[in-house]
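Trainee: Test case, fold it:
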Amino acid sequence: REPPKSPPTPQRPLASRMDSMEHTVYKAKLAEQAERYDEMVKSMKQVAEEKPDLNLEQRNLLSVAYKNIVGARRASFRIVSSILAKEEEKDASSRTVQMIKSYKSKIEDELEKICTDILGLLTNSLLPAADKAGLPEARVFYNKMKGDYYRYLAEFKDDKEVKDNSRTAYELAKSVADKELPPTHPIRLVLALNYSV
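Mentor: Numbers count the residues shown, from 1 in each chain. Just a heads-up that it's a prediction; the model follows:
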């Protein structure tokens with residue numbers, strides 16, 4: 001006679017089976033689906049700070065998160081700049097113009113904060129980890145991102161150093177890509193497009 005079978009162990013929910021890092025990445029994916037990009041940035045920044053040697057999926061999630069929050073502000077900046085130009089044509093000294101300038105300045109501050117945040121993460125954590133690990137794809141990816149975010153700063157800051165930093169980052173990305181990635185690698189194609197802007 002066989003001993004009685006014990007009931008099957010119920011599966012724990014997916015979230016409880018994940019380790020802390022997987023859980024945080026999952027939260028970022030969930031935030032992306034919900035189009036809550038500020039929360040996605042928070043999750044991916046936490047992942048990058050805890051484990052700067054991100055895999056391809058994690059790098060892409062980080063990029064998408066920052067690209068969306070900065071993209072919304074860049075669009076706002078362009079719209080408000082256009083409105084400001086029209087109002088200045090009517091009366092450059094009006095209270096309306098002063099209010100629009102103040103609002104534009106607020107958007108610039110937000111853009112600068114976002115760009116400075118990701119540039120710090122790239123410079124102090126992600127690029128050193130990619131360099132140390134000898135990962136050419138990651139080095140190209142991060143230097144391209146660095147060039148992009150300096151370029152976004154240059155859209156509203158008339159600062160030679162910011163423009164030079166963008167060019168230097170793109171040149172470094174291109175140099176690594178030319179030496180270490182095949183000509184048809186997708187990151188090389190994206191880099192060529194962004195560098196040409």
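
Trainee: wait, doesn't residue 118 sit right on residue 145?
Mentor: Yes - between residue 118 and residue 145 there is a contact under C-beta atoms under 8 Å: 7.1 Å. Quick note: C-beta positions are derived from backbone N, CA and C, even for glycine.

Trainee: anything in contact with each of those two?
Mentor: Counting by C-beta atoms under 8 Å, 6 or more residues apart in numbering, the common neighbours of residue 118 and residue 145 are residue 66.

Trainee: Which of the helices and strands in the protein ranks last by mean pLDDT?
Mentor: helix 14-17 (a mean of 50; mean pLDDT, DSSP states H and E).

Trainee: just checking, next helix/strand downstream of that helix?
Mentor: helix 20-33 (DSSP states H and E).

Trainee: Please enumerate the helices of this protein.
Mentor: 14-17, 20-33, 37-50, 56-91, 95-121, 127-133, 136-154, 160-180, 186-195 (DSSP state H).

Trainee: so of those, which one's packed in deepest?
Mentor: Mean neighbour count (mean count of other C-beta atoms under 10 Å) peaks for helix 136-154 among those, with a mean of 23.

Trainee: can you pull the pLDDT of residue 140?
Mentor: Per-residue pLDDT puts residue 140 at 94.

Trainee: does it really touch residue 189, like I thought?
Mentor: No - with contact defined as C-beta under 8 Å, residue 140 does not count as touching residue 189 (11.2 Å).

Trainee: Identify the residue nearest the residue sitting nearest the centre point of the chain in space, chain neighbours excluded?
Mentor: With distances taken as C-alpha atoms, centre = their mean, the residue of the chain nearest its centroid is residue 66 (3.0 Å). Leaving aside its chain neighbours, residue 66 sits nearest to residue 118 (4.9 Å; criterion: C-beta to C-beta, 6 or more residues apart in numbering).
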